[in-house]
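A.B. asks: build me a model:
(chains A and B)
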Amino acid sequence: DTGVSQDPRHKITKRGQNVTFRCDPISEHNRLYWYRQTLGQGPEFLTYFQNEAQLEKSRLLSDRFSAERPKGSFSTLEIQRTEQGDSAMYLCASSGRGSSSYNEQFFGPGTRLTVL
Amino acid sequence: AQSVTQLGSHVSVSEGALVLLRCNYSSSVPPYLFWYVQYPNQGLQLLLKYTSAATLVKGINGFEAEFKKSETSFHLTKPSAHMSDAAEYFCALSSRGDDKIIFGKGTRLHILP
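C.D. replies: The predicted structure follows:
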């Protein structure tokens, strides 16, 4: 399977704990995106990387959230001191270097976080 | 500011009937428009996209959508619903030079036997 993969698929944690999610993009893709989807809502943009550079962060990404893509390949999203409001599906997507003005984003299956 | 509005959080149609999911957008620049489908516990799959070529866009699984600038709409249709079409559908937009995608809240499509 050469699609976008995310690990873990499900995470249950207690309020106040730290959690880290991993995303492996499609191998030739240089752009990687994180979105958050809460119940009954569409996904909301959090941040994106081009290679290892983090180019944009949403105001949704509070100081407790940090994302990295150290070698321009996989990415991690860490949430410190989790709160119940952090419960959501965290989606990762990647896109390639295509010459067209639009580069399709391919989504992974997501990591569902439940904060008790 | 850019936004997407999907009319109807739930839509039910009978198997074999026309599917129509409504989407209106707001954008100060020419948008790229998309429809995604999400099955339970799965990620998003792109159904179709409008990127300023033909206004009638055909996608996978028999779906199509028409970009109407005058109405700021991008409604999704399928002539004949199938049970396997039951899922959540998201209308979304982005714009040239801005990679992030802005999604609507979604419409859950129910297919009645």
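
A.B. asks: which ones are touching residue B:9?
C.D. replies: A:40, B:105, B:106, B:107, B:108 (Cβ atoms under 8 Å, 6 or more residues apart in numbering or on different chains). C-betas here are computed from N, CA, C, even on glycine.

A.B. asks: quick check: chain neighbours aside, which residue is closest to the first one?
C.D. replies: Pointing back at residue A:40 there. residue B:105 (7.1 Å; Cβ to Cβ, 6 or more residues apart in numbering or on different chains).

A.B. asks: gap between that neighbour and residue A:41?
C.D. replies: Per Cβ to Cβ, to the nearest Å, residue B:105 is found 6 Å from residue A:41.

A.B. asks: where does the residue nearest to residue A:40 sit: helix, strand or coil?
C.D. replies: coil (DSSP: H, G, I helix; E, B strand; the rest coil).

A.B. asks: mind pulling up the pLDDT for it?
C.D. replies: Looking at residue B:105, its pLDDT is 96.

A.B. asks: so who does it touch?
C.D. replies: Counted by Cβ under 8 Å, 6+ apart, residue B:105 has contacts A:40, A:41, A:42, B:6, B:9.

A.B. asks: likewise residue B:16?
C.D. replies: Applying Cβ under 8 Å, 6+ apart, the residues near residue B:16 are B:80, B:81.

A.B. asks: which bits of chain B sit near chain A?
C.D. replies: B:4, B:9, B:32, B:36, B:41-46, B:49, B:51, B:90, B:92, B:94, B:96, B:99-106 (Cβ under 8 Å from any Cβ of the partner chain).

A.B. asks: are any of these buried, and if so which?
C.D. replies: Buried subset of the residues of chain B next to chain A (neighbour count, 16 or more other Cβ atoms under 10 Å in any protein chain shown): B:4, B:32, B:36, B:43-44, B:46, B:49, B:51, B:90, B:92, B:94, B:99-104, B:106.

A.B. asks: so of those residues, which ones are in strands?
C.D. replies: In this view, those that belong to strands under DSSP state E are B:4, B:32, B:36, B:44, B:46, B:49, B:90, B:92, B:94, B:99-103.

A.B. asks: now residue B:80: how far from residue A:5?
C.D. replies: For residue B:80 relative to residue A:5 (Cβ to Cβ), the value is 35 Å.

A.B. asks: which residue is nearest the middle of chain A?
C.D. replies: Note on chain A: the residue nearest the mean C-alpha position is residue A:34, at 3.1 Å, using Cα atoms, centre = their mean.

A.B. asks: on that earlier part again, just flag the most distant two among the contacts of residue B:9.
C.D. replies: Spatial extent of the contacts of residue B:9 (Cβ to Cβ) is set by the pair A:40 and B:107 at 11.4 Å.

A.B. asks: more neighbours: which of those two?
C.D. replies: residue B:107 (20 against 10; other Cβ atoms under 10 Å in any protein chain shown).

A.B. asks: need the contact list for that one.
C.D. replies: Per Cβ under 8 Å, 6+ apart, neighbours of residue B:107: B:6, B:7, B:8, B:9, B:10, B:11, B:21, B:22, B:88, B:89, B:90.

A.B. asks: mind redoing it with 10 Å?
C.D. replies: B:6-11, B:21-23, B:76, B:87-91 (Cβ atoms under 10 Å, 6 or more residues apart in numbering or on different chains).

A.B. asks: who's it bridged to?
C.D. replies: Beta-bridge partners of residue B:107, counted by DSSP bridges, are residue B:89.
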